[in-house]
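Undergrad: following is a predicted model, sequence given first.
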Amino acid sequence: MKFNLLHTDKNSKARVGTLDTDHGQIETPIFMPVGTAGTVKAVHQRELKEDIKAQIILGNTYHLYLRPGLDVISNAGGLHKFNGWDKPILTDSGGYQIFSLSNQRKLSEEGATFKSHIDGSKHFFSPEGVMDIQRTIGADIIMAFDECTPYPCDFKYAKNSLALTHRWLDRCVTRFNETEPKYGYTQALFPIVQGSVYKDLRIESAEFIASKNCFGNAIGGLSVGEPAEEMYAMTEVVTNILPKDKPRYLMGVGTPVNILECIALGIDMFDCVLPTRNARHGLLFTEKGIINIKNEKWKNDFSVLDENGTTFVDSAYSKAYLRHLLVCEEILAAQIASIHNLGFYLRLVKEARTRILDGSFMEWKNKMVIQLAQRL
């Protein structure tokens, strides 16, 4: 696996690179559609490749561990074989999902005990166990096991949590180094910077994570309720420290505006459930702003979903038709809207890449963040 940093914008920290994996090359900056349980909701693999032009998707350790279970995935030959996706996959470690089960989990030095959201059964994740689980799932990029701190949290809690995450990381790295991939292709480990919204803790964590010299690095614990300005401030603190020759992944972020602002701060990789989750509720992202397709104003609007769209879904269906499908609760509504939103996100980061290369990124970004935030 190899990361090549090809170009850095002269007016910002925005970067262009390539990340080569055994399942193909990823051009950065990149947005990664979230396929929590081994599938991107409402979207066929063919549509991910041909229409959305996704280069990498996510799976989630917590959900895949519970269903279908490791035996099924292992018997299939890994997640790529199981779900039919032959491009790169990244798996989240499950730390965020355990964080979200705060009333059903207990943390200790050894790991996290939690109850399944499916049937209430009790399970235990340790740093070593999470490495083993992700070896079995078989993603190209796997994440270290961490505690995602809530927002808000006091300094003492954040400091203690950070120390635990760092101790867990040492155990993750040891286990990763003493085990081998199961399916004949390379896997890379990304540690996760934590520290809530405390600058001193973020600096401490970024320095510790950088010292591990892993293939890439991630930033977690943001986009969990803090103001966007705090997210940007913490991201900038961290990107000033993380090594320039390794990919940087900002976890769980975010809106189109968030993504453009964080590309300017030197982030290479993003993921978020927002485009698909919002799609299922009728919220569409377009170059001119955000559309709530359920609103009456679109009932007789026969224009395409996004005049600047380039995927088949943008030119094949009108706003009025998609609104009709959504009102009727037709399954096709979720499919069309999800393809549209994901296609928009992928086009946005591709355009950002082009703009970084030709030197017009900051002028374009400053114009776009105003447009993209508008409600139409």
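TA: Nice, thanks for sending it over.
Undergrad: give me the mean pLDDT for the helix or strand harbouring A334.
TA: Following DSSP states H and E, one finds A334 within helix 331-358. Helix 331-358 comes out with an average pLDDT of 96.
Undergrad: and after it, which helix or strand comes next?
TA: helix 361-372.
Undergrad: still on that earlier bit, list the buried residues of the helix holding A334.
TA: 333-353, 355-356 (16 or more other Cβ atoms under 10 Å). For every residue, glycine as well, the C-beta is placed using N, CA and C.
Undergrad: make sure I have this right: F3 is in a helix.
TA: No. With DSSP: H, G, I helix; E, B strand; the rest coil as the criterion, F3 is strand rather than part of a helix.
Undergrad: center of the chain - which residue?
TA: When Cα atoms, centre = their mean is applied to the chain, the residue found nearest the centroid is D271 (1.9 Å).
Undergrad: the bottom helix or strand of the chain by mean pLDDT?
TA: Every helix and strand of the chain was ranked by mean pLDDT, DSSP states H and E. The lowest is helix 312-316, at a mean of 67.
Undergrad: quick one, helices of the stretch 51-200 of the chain?
TA: Here the stretch 51-200 of the chain has its helices, by DSSP state H, counting those that start in this stretch, at 61-66, 70-76, 79-83, 95-100, 127-137, 155-177, 199-211.
Undergrad: what's the angle between the helix holding A334 and helix 361-372?
TA: Angle of helix 331-358 versus helix 361-372, following axes from the mean of the first three to the mean of the last three Cα atoms, to 10 degrees, is 150 degrees.
Undergrad: residue furthest from the geometric center of this structure?
TA: Greatest distance from the centre of the chain, by Cα atoms, centre = their mean, belongs to N300 (35.6 Å).
Undergrad: give me the pLDDT for it.
TA: N300 is given a pLDDT of 98.
Undergrad: list the contacts for it?
TA: Listed by Cβ atoms under 8 Å, 6 or more residues apart in numbering, the contact set of N300 reads A320.
Undergrad: how much distance is there from the helix holding A334 to the middle of the chain?
TA: Counting by Cα atoms, centre = their mean, to the nearest Å, helix 331-358 is centred 14 Å from the centre of its parent chain.
Undergrad: sorry, back to before: any chance of TSV for the helices of the stretch 51-200 of the chain, columns mean pLDDT and mean neighbour count?
TA: Listed next are the helices of the stretch 51-200 of the chain as TSV, based on pLDDT from 0 to 100; neighbours: other Cβ atoms under 10 Å:
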stretch	mean pLDDT	mean neighbour count
helix 61-66	95	23
helix 70-76	98	14
helix 79-83	98	20
helix 95-100	74	21
helix 127-137	98	23
helix 155-177	97	18
helix 199-211	98	19
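Undergrad: mind putting these into a markdown table with distance to V327?
TA: Formatted as a markdown table, those follow (distance: least, Cβ to Cβ, whole Å):
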| stretch | distance to V327 |
| --- | --- |
| helix 61-66 | 31 |
| helix 70-76 | 38 |
| helix 79-83 | 32 |
| helix 95-100 | 31 |
| helix 127-137 | 39 |
| helix 155-177 | 45 |
| helix 199-211 | 45 |
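Undergrad: to D20, which of these lies closest?
TA: helix 79-83 (16.5 Å; Cβ to Cβ).
Undergrad: chain center to the closest one: distance?
TA: Taking mean C-alpha positions (Cα atoms, centre = their mean), helix 79-83 and its chain are 19 Å apart.
Undergrad: now A144: how far from Q134?
TA: 10 Å (Cβ to Cβ, to the nearest Å).
Undergrad: again, but for K87
TA: 18 Å.
Undergrad: who touches the residue nearest to the centre of the chain in this structure?
TA: F31, M32, P33, V34, L58, L90, Y249, M251, G252, V253.
Undergrad: same thing but at 6 Å, please
TA: M32, V34, L58 (Cβ atoms under 6 Å, 6 or more residues apart in numbering).
Undergrad: nearest to P243 among the residues you listed?
TA: Looking across the contacts of D271 and measuring by Cβ to Cβ, the closest to P243 is M32, at 21.0 Å.
Undergrad: so how far is A320 from F302?
TA: Distance of F302 to A320, computed by Cβ to Cβ: 5 Å.
Undergrad: for the two, indicate the residue with more neighbours.
TA: Neighbour tally, F302 and A320, criterion other Cβ atoms under 10 Å: the higher count belongs to A320, 15 against 9.
Undergrad: quick check: the more buried one touching L305?
TA: No. The pair A320 / L305 is not scored as a contact, 10.6 Å apart, by Cβ atoms under 6 Å.
Undergrad: which neighbours do the two share?
TA: By Cβ under 6 Å, 6+ apart, no residue touches both A320 and L305.
Undergrad: just to revisit the earlier point, mind giving me JSON lines with the contacts of D271 and columns for pLDDT?
TA: Below are the contacts of D271 laid out as JSON lines (pLDDT from 0 to 100):
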{"residue": "M32", "pLDDT": "98"}
{"residue": "V34", "pLDDT": "97"}
{"residue": "L58", "pLDDT": "97"}
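Undergrad: export those to CSV and tack on distance to V16 and neighbour count?
TA: Output for those, formatted as CSV (distance: Cβ to Cβ, whole Å; neighbours: other Cβ atoms under 10 Å):
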residue, distance to V16, neighbour count
M32, 17, 24
V34, 23, 22
L58, 22, 22
